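Colleague: sequence first, predicted coordinates after that:
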Amino acid sequence: MRVITGIARGRRLTAPDGLDVRPTADKVKEGIFSAVQFDIEGAYVLDLFAGSGQMGIEALSRGAKRAVFVDNSLRSITCVNENLRNTGLALHAEVINRDSFDFIKMTGQKFDMIILDPPYRYGHIAVLLPLAAKKLKPGGCIICEYEKEASLPDTPEGLVLRKTYRYGKINVSIFVSPMPDEENDE
């Protein structure tokens, strides 16, 4: 696992030990960031269920202004902090040891990009997506990674499905919040 491009390009990342973390494959990560490449520069990013932090770190490496990493596992939080130090991106990050559901419900912050990559087979995306939609700035996007067998989450009010990508056993859906003037054009 490595940072694909940007200021931390090629830096190796570590993942926490155990079966509860499933790092996104480099091929999938590269596809996701190619799809959102024009949304990253200067973005305020939320990486929920951060695991190793690789998705938020990739966004920072590619020009995101700031990233918030949330995970309830102390092993994951330790790993995220180590990866941020090793990539030199720690000054642009906030790492929070908290339940992702509680965080997204309670935070007053708004984000330009929200990355949802929860554990598979629990239906978390269907619950998280409407909550995340309320924390998204106009013009922002939500990246949802979920297992192929799961159905596409319903599109919450105020969001538009940009596209769904399929990578073997993984689906990635990208939802966007249109800018106010774009809503009037439709």
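Modeller: That came through fine.
Colleague: every contact and neighbour count from this point should use C-alpha atoms.
Modeller: Fine.
Colleague: ok, residue 75 to residue 172 distance?
Modeller: Distance, residue 75 to residue 172, by Cα to Cα, to the nearest Å: 26 Å.
Colleague: to clarify, my last question referred to residue 43.
Modeller: Residue 43 is 20 Å from residue 172, by Cα to Cα.
Colleague: neighbour-wise, which of those two wins?
Modeller: Shown here are residue 43 and residue 172; by other Cα atoms under 10 Å, residue 172 has more neighbours (23 against 18).
Colleague: any idea which element that one lies in?
Modeller: strand 170-176 (DSSP states H and E).
Colleague: list the neighbouring strands of that strand plus their orientation.
Modeller: strand 136-147 (antiparallel), strand 160-167 (antiparallel) (DSSP bridges).
Colleague: quick check, residue 14 in contact with residue 84.
Modeller: No: Residue 14 is beyond contact range of residue 84, at 10.5 Å (criterion: Cα atoms under 8 Å).
Colleague: so these two - more neighbours on which side?
Modeller: Set side by side, residue 14 and residue 84 show more neighbours around residue 84, with 24 against 17, by other Cα under 10 Å.
Colleague: what's the most buried one of the strands paired with strand 170-176?
Modeller: Each of the strands paired with strand 170-176 was assessed for mean neighbour count using mean count of other Cα atoms under 10 Å. The highest is strand 136-147, with a mean of 22.
Colleague: contacts for that one?
Modeller: Applying Cα atoms under 8 Å, 6 or more residues apart in numbering, the contact partners of strand 136-147 are 39, 110-118, 120-121, 125, 132-133, 169-180.
Colleague: I would like a PyMOL command selecting only the buried ones among the residues you listed, please.
Modeller: Of the contacts of strand 136-147, the buried ones go into a single PyMOL selection, burial set by 16 or more other Cα atoms under 10 Å:
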select buried, resi 39+110+111+112+113+114+115+116+117+118+120+125+132+133+170+171+172+173+174+175+176+177+178
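Colleague: how about the longest helix belonging to the chain: buried residues?
Modeller: For the chain, the helix with the greatest residue count under DSSP state H is helix 74-87. For helix 74-87, burial by neighbour count (16+ other Cα under 10 Å) applies to 75-84, 87.
Colleague: one more: stretch 90-102?
Modeller: Using 16+ other Cα under 10 Å as the test for burial, stretch 90-102 gives 90, 93, 95-98, 100-101.
Colleague: just to revisit the earlier point, which single one of the buried residues of helix 74-87 is nearest to residue 51?
Modeller: Of all the buried residues of helix 74-87, residue 76 has the smallest distance to residue 51: 5.0 Å, by Cα to Cα.
Colleague: now the buried residues of stretch 90-102 in JSON lines, with secondary structure, distance to residue 4 and pLDDT?
Modeller: Converted to JSON lines, those look like this (DSSP: H, G, I helix; E, B strand; the rest coil; distance: Cα to Cα, whole Å; pLDDT from 0 to 100):
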{"residue": "90", "secondary structure": "helix", "distance to residue 4": "18", "pLDDT": "96"}
{"residue": "93", "secondary structure": "strand", "distance to residue 4": "19", "pLDDT": "97"}
{"residue": "95", "secondary structure": "strand", "distance to residue 4": "21", "pLDDT": "97"}
{"residue": "96", "secondary structure": "strand", "distance to residue 4": "24", "pLDDT": "97"}
{"residue": "97", "secondary structure": "strand", "distance to residue 4": "26", "pLDDT": "97"}
{"residue": "98", "secondary structure": "coil", "distance to residue 4": "28", "pLDDT": "96"}
{"residue": "100", "secondary structure": "helix", "distance to residue 4": "26", "pLDDT": "94"}
{"residue": "101", "secondary structure": "helix", "distance to residue 4": "29", "pLDDT": "93"}
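Colleague: no more questions from me, cheers.
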